[in-house]
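# Fold the following for me, if possible:
(chains A and B)
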Amino acid sequence: MDVLNTIVNAGIYALMGLGVIAALGAVTCRNLFHAGLCLAVVLIVVAGTYLSVGAEFLAMIQVLIYVGAVLTLIIYAVMLTARLSGGEASASNGQAGPVFAACALFLAFMAPRLMKTPWPVSPSALSATLSVNGLGQSLMTTYVFPFEVLGILLFAVLIGAIVVARKDKA
Amino acid sequence: MESIFVNLKGAILGVLGKFMPEWTMPIHSIMISITAIAVLGPAIMMYLTLMERKVVGRMQNRIGPNRVGKWGLLQPLADGVKMLTKEDIVPKGADPVLHLLAPILIVAPALLLFAVLPFGKGMIAVDLNVGILYFLAVSSTTTIAIFMASWGSRNKYSILGGMRAVAQMISYEVPMVLSVVPVLLVVGSLSTRQIVEAQASGWFVLTPWGFFGAVFFFLCTVAECNRSPFDLPEAESEIVAGFHTEYSGMKFALFYMAEFMNCFSGAALTTTLYFGGWQGPGFLPSWIWFFLKTYSFIFVMMWFRGTLPRLRVDQLMGLAWKFLLPLTLVNILAAGLWYYLGGILKFFIPLVLMAGSFTILTWLNKPYVPEKREYQFAD
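Residues are numbered from 1 along each chain as shown, chains lettered A, B, ... in the order given. Sure, this is the predicted structure:
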């Protein structure tokens, strides 16, 4: 079984590597549509990461919402506002050098402290299993207030979209 | 006969287990299921093309293909050879990456959907406990591939067709998801196997919310597959062929394959959710019942194609947002009422609720008909 575990772990690390490469592609591609598609790959890799830790419900919701809806919206925006020859995005504005130096400094400062912090993990979190029933019940009992606030937020978004898209009655 | 495929898989695993190390056995088990699906998918699609041509031909008072093999049974093989040998034309201004990847990325979700369909008792490729959610999530990634096809072709007709196709698909996803919710309410689980097993006491279509839910879900499936009467995105008389105008040869065959595989999985999911899946009287094996029910739904889809005229784009979107969406929301309420009431009211109150809201929404959605004008001519 150890061989199987090693293969599975290698596969998960390869998937995460693909995600890093796609993320680099998403920020450096000159063609906006290609950048959007690299973003799709990153979002699917995140769903795969959720699957690898056992959060199946979250992985499916990630694909359904992010890849199925948010990315469709992004690509609609690219397609409706670009010319037919493909929107070009400039990949740099001359500040790459100082930004890279600042990020390297930040990483050098934070990484040792992150590695040394004892992150507390409760035993109940380690042995938790997926239960859609439990999720539904906790949404209706423990977390009902955030749930209703989210519903009101989505309702406001819908009304705003209809108001923005309405034809003006001249 | 009943568990012939389960026994076959067990026999193959037994033979492999003799000389393969222990840690490869899960991999072999998965690979046998994947091979079965990878062979089944295109084979189903091939004979669905023949079935469509024969059925639509008979409805149009002509015989379909009957020259290649008896009853045209070898016609799909001839079609396959034709598609493979056609020249692959890529327009000069097309984006090569997008143009190449789009057909591949539209077939991949169509094939992935076969993994959660319960073909028979104990014959499901992967028994996910979020099976229905997996189906809805994977089928929603098809919109990206359609965008890629339409944008990569660099053709105004393609982009027009692609926009319409994506608008149609995302509009019909909402009533589709909402019409699945009553089934999940009553069963209490997202797994397709458990949904089929929960219908042992009675198919869901025989309940008031189930009847309406099945109709709504089936209509949304037909719209998601871009089939008639919802096939405006690929209407040949309107915008040449929509988002797959610039594709020829094997790439077009892949688009065609994806459409038919989506038809099959949509019909299969309708039987799983509402019509009892593989359940049926015992004189036929379970997987034959599943295929019989699924193919009768596919026959209904072809019947729609042969009979109904195409919907205009505003009628199409109006149907989804103004008619199906409120009805599916009321359906969820009706399912809740059915679950908690008892006695004689259990059947009638949800039925009255659904029939009443159907009538009200039909009346509210009446198209605007201007009043008849009286002309007075000079004598």
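
# contact partners of stretch A:18-29?
A:H34, A:A35, A:G36, A:C38, A:L39, A:V41, A:V42, A:V45, A:V46, A:T49, A:A89, A:A91 (CB atoms under 8 Å, 6 or more residues apart in numbering or on different chains). Bear in mind the C-beta positions are built from the backbone N, C-alpha and C, glycine included.

# State the helix or strand in which residue 34 lies.
Because you didn't say which chain, this covers chain A. Assigned by DSSP states H and E, A:H34 belongs to helix A:32-52.

# I was after chain B.
Assigned by DSSP H and E, B:I34 belongs to helix B:25-59.

# And that helix, what does it pack against?
Using 3 or more CB pairs under 8 Å, 6 or more residues apart in numbering or on different chains; DSSP states H and E as the contact test, the elements touching helix B:25-59 are helix B:4-19, helix B:75-85, helix B:96-112, helix B:250-274, helix B:286-307.

# which of the contacts of stretch A:18-29 are close to chain B?
Subset of the contacts of stretch A:18-29 in contact with chain B: A:H34, counting by CB under 8 Å from any CB of the partner chain.

# How is chain A divided into domains?
Domain ranges of chain A: A:1-89, A:131-170, per automatic domain parsing.

# hang on, B:G17 packs against B:T24?
No. Checked against CB atoms under 8 Å, the pair B:G17 and B:T24 is beyond contact range at 9.2 Å.

# Check whether stretch B:203-220 comes near chain A.
No. Interface with chain A: stretch B:203-220 contributes nothing (CB under 8 Å from any CB), its closest point being 14.8 Å away.

# Can you name the residues of chain A sitting close to chain B?
In this structure, chain A approaches chain B at residues A:1-4, A:31, A:33-34, A:37, A:40, A:56-57, A:60-61, A:63-64, A:67-69, A:71-72, A:75-76, A:79, A:84-86, A:130, A:132-133, judged by CB under 8 Å from any CB.

# These in helices, which ones?
Using DSSP state H, the subset of the residues of chain A next to chain B located in helices is A:2-4, A:33-34, A:37, A:40, A:56-57, A:60-61, A:71-72, A:75-76, A:79, A:132-133.

# Any of those buried? List them.
Buried by 16 or more other CB atoms under 10 Å in any protein chain shown: A:33-34, A:37, A:40, A:56-57, A:60-61, A:71-72, A:75-76, A:79, A:132, out of those.

# ok, the residue lying closest to B:H28 once chain neighbours are set aside to B:P281 distance?
Setting aside the residues directly before and after it, B:H28 is nearest to B:L16 in space (CB to CB, 6 or more residues apart in numbering or on different chains), at 5.3 Å. When distances are taken as CB to CB, to the nearest Å, B:L16 and B:P281 turn out to be 36 Å apart.

# Of these two, which one has the most company?
Neighbours were tallied for B:L16 and for B:P281 using other CB atoms under 10 Å in any protein chain shown; the higher tally belongs to B:L16 (15 against 6).

# what about that one, distance to B:I32?
The span separating B:L16 from B:I32 equals 9 Å under the rule CB to CB.

# how about the helix or strand containing B:V186, does it get close to chain A?
For B:V186, the element it lies in under DSSP H and E is helix B:156-187. Yes. Using CB under 8 Å from any CB, helix B:156-187 reaches chain A at B:K156, B:I159, B:M163, B:V166, B:I170, B:E173.

# touching chain A at all, the helix or strand that that helix is followed by?
Where DSSP H and E defines the elements, the next helix or strand beyond helix B:156-187 is helix B:192-197. No. Counting by CB under 8 Å from any CB, chain A is not contacted by helix B:192-197; separation bottoms out at 11.4 Å.

# tell me what helix B:192-197 is packed against?
With contacts defined as 3+ CB pairs under 8 Å, 6+ apart, the packing partners of helix B:192-197 are helix B:131-139, helix B:156-187, helix B:250-274.

# and the angle from the following helix or strand past it to helix B:250-274?
Beyond helix B:192-197 in the direction of the C-terminus, DSSP H and E gives the next helix or strand as helix B:208-224. When axes from the mean of the first three to the mean of the last three CA atoms, to 10 degrees is applied, the directions of helix B:208-224 and helix B:250-274 differ by 180 degrees.

# Just the CA trace of helix B:208-224, in CSV.
Only the C-alpha atoms of helix B:208-224 are listed here, as CSV (Å, rounded to 0.1, in the frame of the first residue of the first chain):
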residue,chain,number,x,y,z
PRO,B,208,-47.2,15.3,-8.1
TRP,B,209,-43.9,17.1,-7.6
GLY,B,210,-42.0,14.3,-9.4
PHE,B,211,-44.2,14.5,-12.5
PHE,B,212,-43.6,18.2,-12.9
GLY,B,213,-40.0,17.9,-11.9
ALA,B,214,-39.3,15.2,-14.5
VAL,B,215,-40.9,17.3,-17.2
PHE,B,216,-38.8,20.4,-16.2
PHE,B,217,-35.6,18.4,-15.9
PHE,B,218,-36.1,16.7,-19.2
LEU,B,219,-36.8,20.1,-20.9
CYS,B,220,-33.6,21.6,-19.4
THR,B,221,-31.6,18.6,-20.5
VAL,B,222,-32.8,19.0,-24.1
ALA,B,223,-31.8,22.7,-23.9
GLU,B,224,-28.4,21.9,-22.4
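
# Off-centre distance for that helix?
Between the centre of helix B:208-224 and the centre of its host chain there is 11 Å, according to CA atoms, centre = their mean, to the nearest Å.

# Would you mind writing the CA trace of the helix or strand of chain A with the lowest mean pLDDT as PDB?
Among the secondary structure pieces of chain A, namely its helices and strands, helix A:123-126 has the lowest mean (mean pLDDT, DSSP states H and E), a mean of 71. Listed next in PDB are the C-alpha coordinates belonging to helix A:123-126 (Å, rounded to 0.1, in the frame of the first residue of the first chain):
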ATOM      1  CA  PRO A 123      -8.300  16.100  16.800                       C
ATOM      2  CA  SER A 124     -11.900  16.500  15.700                       C
ATOM      3  CA  ALA A 125     -10.800  18.400  12.600                       C
ATOM      4  CA  LEU A 126      -8.400  15.600  11.700                       C
END
